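# need a structure here:
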Amino acid sequence: MFPLRLKTAAALVLLGLLTLLAGIGQRTIWAPSETFTASVPADAAAAPLTVIDQKLRTLHGGTVKISVQGDGNFMLATGRPDDVDAWVGKTAHNTINGVSEDGKSLQVEHSDGDATAPNPAGSDLWVSTENAGGQLDYTWTPPADGDWRLLLAADGTKPAPASVSMTFPNDTSTPWAVPLMVIGGLLVVGGIVLALVSARTKDGEGGEGGGSGYARRARARSQAQSANKATMVAAGVAAVVLAGSATAAQAASPSPQPSGNASSSAAKDATGSPVLLEAQFRRILEQVSSATDAGDAAKDAAKLADRVAGPELEIRTQNYKIRSQVGSYEPRMPVRSTKLLTTVITSSRDWPRQVLAVTQGDGNVVPQILTLVQQSPRENYKLMETTPLQPGTTFPTIGRGGTQTLAASDKSGLLYSGEEAMSGLADRLTSADSPFKDKLVEGSSSPYIADTLSYQAEVVKAGENGNFSFTHKVAPENTVVFRTSDGGALVLGRINFGFEGTPKAAGDKLSIGDDAAALAGGKETSTGMVLSFAESMAVYVPPAGSTDPMKLVAATRGLVGASFK
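Got it, this is the predicted structure:
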């Protein structure tokens, strides 16, 4: 009986040591790697664009590193998921959207489409861009809250680099290590206890050598029971530890990643977020400012083409033409990106997108509103209008975290729609008795409306040789409406100011100034003349239910045309 107990004790000690070593091994020689790397399969289809889905950044938690190898130059851009999708459009592309079960391969989904795309470099949609030649090692860090996607491309015509690998944090937890070490220790202790009890039993029997058989059997039973209890306690503790470790292992195992339509979830996530980050907006403003500086200095409208369009391009083009012939003609106010007083960024993520900046840098006597518009995903923002604030006027408060843009016809929550506001302003500028006289007011420091009405009245009164008329008509395609913090709106747009004159009698002649003559090709006419100005305006509209009038916030005009009838 005693040799059997000793053999059992030895077996327990041996099993305990092996179990203990297994637990220690999980923490040392068998410990999992801290990271794992997955690569794009070699047989993945070629495409000019590769999209890296945002869910890979958070697939395993922690920092994700990306390594790209390719021939020649390429770029890796960061953008909102809906912006990346919109830029990619119908172009053939690959989407890296998962990792294989063995963790060795990246899952790639190919989408057929157009074989080429424009070069994505320099797009205003990208918050940041990494440019590389041959090799790029990139740590994927989100530029702000929310989801972000990556776009990998060469120049839009060549295939995007095919050698892409991503290194993820690995699950280094070893839920069985501690339980195995505890179980091993308990088994060793149990084996030692069993061996000691066996030895005491043998010594007791040999030392007493006598006594009744009943007493010897009772001591044997008692010692056996003690040994069994010790072994059972060890087994019980091991069972509890095992149960706890199983629960811990289950909790440590990552749950499967939810599948679904990535595009729709990305669009949902982006809804309501501003279309530009502040750093992004500043970069765009700097490029707009540089383009206008170059055009203004050279009096060359071609230098404006990349960053200026619409009314501002027309006004500056004609300004250059006039100044090339009339040295004293006043240039347009310079466009500055410095001393950025405030920004207004739409949270409406459809196109066209509109944003505003109010700056007052060198050469800006008063703060100036810069209206920028992005017509489509693959076009950059362009300066559409520059409108100096009226002296003494306060710019309406608009949330810096993004605001709503409204259709010009939308009157929801407003005293007047954008259309009505611009039409009312046009009528005020045309007639001194306008029904909007008390509904749309201006400050007294530099009254644009009053000065315009006074100028028109003086021209008519002084026109001995001619009949003169004036019109102010809204250019509806240029109207932009932003919701203000008080529920009202800031309406910006263009009004076409027409000035026509016709001689009163045969032989009468009308004269025009040097500025208009530079565009008309002469200074006098006996048939009549037409002058055209572009007026850039901004009006504040109170919220519905308010008793306050609309207010003129900013205004300016520029001569854009002159001709003889």
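
# Only C-alpha atoms from now on, for both contacts and neighbour counts.
Will do.

# all strands for the stretch 201-350 of the chain, in order.
Listed in chain order, the strands of the stretch 201-350 of the chain (DSSP state E, counting those that start in this stretch) span 340-345.

# all helices of it, in order?
If DSSP state H, counting those that start in this stretch is used as the criterion, the helices of the stretch 201-350 of the chain fall at 213-252, 262-270, 278-298, 310-323.

# can you list contacts of the third one?
Residues outside helix 278-298 that contact it (Cα atoms under 8 Å, 6 or more residues apart in numbering): 124, 126-127, 300-304, 306-308, 320, 334-337, 381-383.

# ok so, going back, worst mean pLDDT among the helices of the stretch 201-350 of the chain?
In terms of mean pLDDT, the lowest-scoring of these is helix 262-270 (a mean of 42).

# Strands of the stretch 401-550 of the chain, residue ranges please.
Ranges of strands in the stretch 401-550 of the chain, per DSSP E, counting those that start in this stretch, are 405-406, 440-441, 466-483, 489-503, 510-511, 524-525, 529-541, 550-564.

# Can you check which of those strands gets nearest to Thr157?
Shortest distance between Thr157 and these, using Cα to Cα, is found for strand 466-483: 34.6 Å.

# Mind listing what's buried along that closest one?
When burial is assessed from 16 or more other Cα atoms under 10 Å, strand 466-483 yields the following buried residues: 466-475, 478-483.

# Pull up the pairing partners for it, direction included.
Each strand pairing with strand 466-483, determined using DSSP bridges, is listed with its direction: strand 405-406 (antiparallel), strand 489-503 (antiparallel).

# Pick the most buried one from those.
Each of the strands paired with strand 466-483 was given a mean neighbour count from mean count of other Cα atoms under 10 Å, and the largest, a mean of 23, is that of strand 489-503.

# if you average pLDDT over that one, what comes out?
On average, strand 489-503 scores 97.

# Please state the offset of it from the chain centre?
Mean C-alpha position of strand 489-503 versus that of the full chain (Cα atoms, centre = their mean, to the nearest Å) differs by 37 Å.

# same deal with stretch 375-382?
Centroid displacement of stretch 375-382 relative to its chain, using Cα atoms, centre = their mean, is 15 Å.

# In the protein, where is pLDDT below threshold?
Residue ranges of the chain with pLDDT under 70: 1-2, 5, 25-27, 29-32, 171-174, 177, 200-272.

# how about JSON lines for the strands of the stretch 401-550 of the chain, with distance to Val358 added?
What follows is these, written out as JSON lines (distance: least, Cα to Cα, whole Å):
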{"stretch": "strand 405-406", "distance to Val358": "17"}
{"stretch": "strand 440-441", "distance to Val358": "22"}
{"stretch": "strand 466-483", "distance to Val358": "14"}
{"stretch": "strand 489-503", "distance to Val358": "13"}
{"stretch": "strand 510-511", "distance to Val358": "39"}
{"stretch": "strand 524-525", "distance to Val358": "41"}
{"stretch": "strand 529-541", "distance to Val358": "12"}
{"stretch": "strand 550-564", "distance to Val358": "11"}
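
# And the ones you listed: which comes nearest Ala154?
Distances from Ala154 to each of the strands of the stretch 401-550 of the chain were compared using Cα to Cα; the shortest belongs to strand 405-406, at 35.1 Å.

# For Gly501, which residues count as its bridge partners?
The bridge-partner assignment for Gly501, based on DSSP bridges, gives Phe468, Met529.

# close enough to count as contact, it and Gly528?
Yes: taking contact to mean Cα atoms under 8 Å, the distance of 5.5 Å between Gly501 and Gly528 places them in contact.

# got any residues that touch both of those two?
Residues touching both Gly501 and Gly528 (Cα under 8 Å, 6+ apart) are Leu510.

# Leu125 should be in a helix, yeah?
No: secondary structure of Leu125 (DSSP: H, G, I helix; E, B strand; the rest coil): coil, not part of a helix.

# That one: neighbour count?
Around Leu125 there are 24 other residues, counting by other Cα atoms under 10 Å.

# so it touches Gly79, yeah?
Yes: contact between Leu125 and Gly79 holds when scored by Cα under 8 Å: they sit 6.3 Å apart.

# on that earlier part again, from the buried residues of strand 466-483, which is closest to Ser445?
His472 (23.0 Å).

# Next up, the contacts around the residue lying closest to the closest one once chain neighbours are set aside.
Sequence neighbours aside, Phe497 is the residue nearest to His472 in space, at 4.6 Å (criterion: Cα to Cα, 6 or more residues apart in numbering). Neighbour list for Phe497: 470-473, 532-535 [criterion: Cα under 8 Å, 6+ apart].

# Bridged to Phe497, which residues?
On the basis of DSSP bridges, Phe497 takes part in beta bridges with His472, Phe533.

# distance of it from Tyr540?
As for Phe497, its distance to Tyr540 is 21 Å (criterion: Cα to Cα, to the nearest Å).
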